[in-house]
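Asker: Sharing a model that was predicted from the sequence below.
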Amino acid sequence: MGLDDDAREYHRRDPPGKIEIATTKPTNTQRDLSLAYSPGVAAPCLDIDDDPDQAYNYTAKSNLVGVVSNGSAVLGLGDIGAQASKPVMEGKGVLFKRFADIDVFDIELELDDPDALVETVAAMEPTFGGINLEDIKAPECFEIERRLGERMDIPVFHDDQHGTAIISGAALLNAADITGKSLDELDIVFSGAGASALATAQFYVSLGAEESNITMCDSSGIITTDRGDELNEYKQQFARDVDDGSLADAMEDADVFVGLSVGGIVSQEMVQSMADNPIIFAMANPDPEISYEDAKAAREDDVIVATGRSDYPNMVNNVLGFPFIFRGALDVRATDINEEMKRAAAMALADLAKQDVPDAVVKAYGDQPLQFGPDYVIPKPLDPRVLFEVAPAVAEAAVESGVARTEIDIETYAETLEARLGKSREMMRVVLNKAKSDPKRLALAEGTDEKMIRAAYQLEEEGIAEPILLGDHEEITRIASQLGLSFEPEVVDPAERSLDAYADRLYELRRRKGITRGEAAELVEKDTNYLGSVMVEMGDADAMLTGLTHHYPSALRPPLQVIGTAEDADYAAGVYLMTFKNKVVFCADTTVNQDPDAEVLAEVTKHTAELARSFNVEPRAAMLSYSNFGSVRNESTATIRQAVSDLHSDSAVDFAVDGEMQADTAVVEEIIDNTYGFSELDGPANVLIFPNLESGNIGYKLLQRLGGAEAIGPMLVGMDKPVHVLQRGDEVKDIVNLAGVAVVDAQQE
């Protein structure tokens, strides 16, 4: 099937459409329903009647945007009417929710009269925290947005006007930076004079471009003052006192071309006539004014090209703007989205493009290199960091410009935003904040690996740890320079320094385990896992990470041999933190002990409970089995019962633990309460102890793949000093997360 047929099937598959309403409060009992509706609902209604601002506290208004259209100018489809535009508006709702966790009602109005449209939308103000106008034709859209903005006390934003302006404005800031040109000197030519083009030109002026340097062309050619009365008031702003001419005439010696018109109207000759280091924003969709390939071929290496297409570099996509702009505006209860907020969004996007790009984003775009430069002047739409950069910038600008009704603490606001993207980010923020309070020296055993170098840069930049890269110094410097990372990490290169002290210590520790002094020297010189382990053991590093390029057992062996388990521990174990939308569970053991006995299970449980507390989670541990409290009696269930008995008789155990129990018994509160009320657990378990390595590994992977959980780990517990072993192929964010855990471990040491 082709794309059109796939899209039809996608939309009509049960349930039809792309959105639904979900409840956010319990509705399971009669009391729940009496609170949600009659008679309980009367109390918040009366409070809102006394103080209308209470609507933000009692209802979904604070997170609800109305996407409103009459379908008169749907991108690429034209005037198809309100009903036919509904799939587009539903799609806008999907993007709001996916990228910024904003709820949407899409409102399609069969109204061509601007007065009627204004009256109808204005009457909906009690419902929404903001209004996103969409696909309304020019010039009516200008008047509609202006009048609604004046009448309504919530933000009104016509994305077709401002979205492209803001995103391309960010691209323009960076393109000018790369070419060494100043915004106020740029000679800018526009092809198109519709809503998007006019708003974009106005925004470029707001960023610093000179209005007198902007030449706008419509289907009749250059917009000049001679055309007088034939121009509407919006086009008149950009009418220039120059001779009539064509788009080709306007582009000669221009620095920037901005296309918001129709495909295929710009030739290679027109690009060649432009000034040195030209900037081409050919944003007509689906076919640009000139194709990416033709524009690049016309000027070889001195042209920066952006389009509206995802299959080429520098995609100008409105999804980089509106979800995050509204997020920031809603969170400070802004009355408007003003010029200061738009500029803040553009500058935040421009700054983000200069930062190192996460692995997940690189993978999402086919593993193509993404590094600030001519082919990467704006972030990619799937970059999750856009939320954390743009929304706070917009919120802060709203406060500073006086349109916010509430203020926020920018530091804690970032944590709130992370929580919106999932429990894993919220949990890791707890740990990373602890790490930042007292960063420790962290040895990264695979120091020449690109991911390790990028992680080291991020750890140092954010103050999470003091990274020590182990490996060839020259190679590390070369890779860091190639990646554009301007930092000078501490490097331990066996070729540059004497490792005699480390060899002596390794020999001392392992000489009765078959290692000679010469073999010890060779191990610390050739194997950075041994080098890092000895550094941690001797106190020259506080913690260590390894495993990125090794099988787990081979990466774990050196730390176990050199550092060993803690004084009060005989066994190490691997733990995964599994995060769901509203809950977390710690799963152990998932990586180390193949067939544990009761003693091992009990010790692993204590280590895992301690780890849970480092994440500010009070542990409730369940010892899992296929039996419930003796319902099956054999050797394996007896082992689990013995472990539970040992834990219950251990005076040092100060957390709830019980078993043996089945997995659903452990996590479903009703089963525990109604069937096993005698259980020590006073709620669903958040620490799950599996009976053996096989079940632990199977269990956490099923939770991840079928249960939709995100896995953080594996975190190694029970070691004498902080060591964690990554999984092969982990991403930079995984390294940073595990580094944060290692630093917190070291702080506790």
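Answerer: That came through fine. Numbers count the residues shown, from 1 in each chain.
Asker: What separation do you get for the nearest residue to L499 once chain neighbours are set aside and K354?
Answerer: Leaving out its chain neighbours, the residue that sits closest to L499 by Cβ to Cβ, 6 or more residues apart in numbering is V524, at 4.9 Å. No exception for glycine: its C-beta is placed from N, CA and C like everyone else's. Computed as Cβ to Cβ, to the nearest Å, the V524 to K354 distance reads 39 Å.
Asker: Just want to know which of those two has more residues nearby.
Answerer: Higher neighbour count among V524 and K354: V524, with 26 against 15, using other Cβ atoms under 10 Å.
Asker: Surely A295 and V271 touch.
Answerer: Yes - using Cβ atoms under 8 Å, A295 is in contact with V271, at 5.7 Å.
Asker: Am I right that Y204 falls within a helix?
Answerer: Yes - applying DSSP: H, G, I helix; E, B strand; the rest coil, one finds Y204 inside a helix.
Asker: how close does it get to D249?
Answerer: Taken as Cβ to Cβ, the span from Y204 to D249 is 21 Å.
Asker: quick one on the thing from earlier: ok, the residue nearest to L499 to L444 distance?
Answerer: 16 Å.
Asker: Would you mind telling me which of Y204 and D249 has more residues around it?
Answerer: Y204 (26 against 17).
Asker: for the more buried one, what are its contacts?
Answerer: Residues near Y204 by Cβ atoms under 8 Å, 6 or more residues apart in numbering: A165, G169, L172, L183, I188, I214.
Asker: For the last one, which residues are in contact?
Answerer: I214 makes contacts with I188, V189, F190, A201, Y204, V205, F238, as judged by Cβ under 8 Å, 6+ apart.
Asker: ok, now P684?
Answerer: K583, R620, A666, V667, V668, E669, I672.
Asker: and the first one, how many residues sit next to it?
Answerer: Per other Cβ under 10 Å, the neighbour tally for K583 reads 13.
Asker: Same check on the one 5 residues further on?
Answerer: Using other Cβ under 10 Å, A588 has 29 other residues around it.
Asker: Any figure for the gap between it and A638?
Answerer: Distance from A588 to A638, by Cβ to Cβ: 20 Å.
Asker: can you map out the strands along the stretch 251-400 of the chain?
Answerer: Secondary structure of the stretch 251-400 of the chain (DSSP state E, counting those that start in this stretch): strands at 256-259, 279-282, 304-307.
Asker: The contacts of Y204: which two are farthest apart?
Answerer: A165 and L183 (14.1 Å; Cβ to Cβ).
Asker: Nearest residue to A199 in space, please, no chain neighbours.
Answerer: Of all residues not flanking A199 in the chain, Q161 sits nearest, at 3.6 Å (Cβ to Cβ, 6+ apart).
Asker: what about that neighbour, which SS state?
Answerer: helix.
Asker: I'd like to know how many residues surround R517.
Answerer: Using other Cβ under 10 Å, R517 is surrounded by 13 other residues.
Asker: circling back: A165 and L183: which is more packed in?
Answerer: Neighbour totals were compared for A165 and L183, and A165 leads with 29 against 19 (other Cβ under 10 Å).
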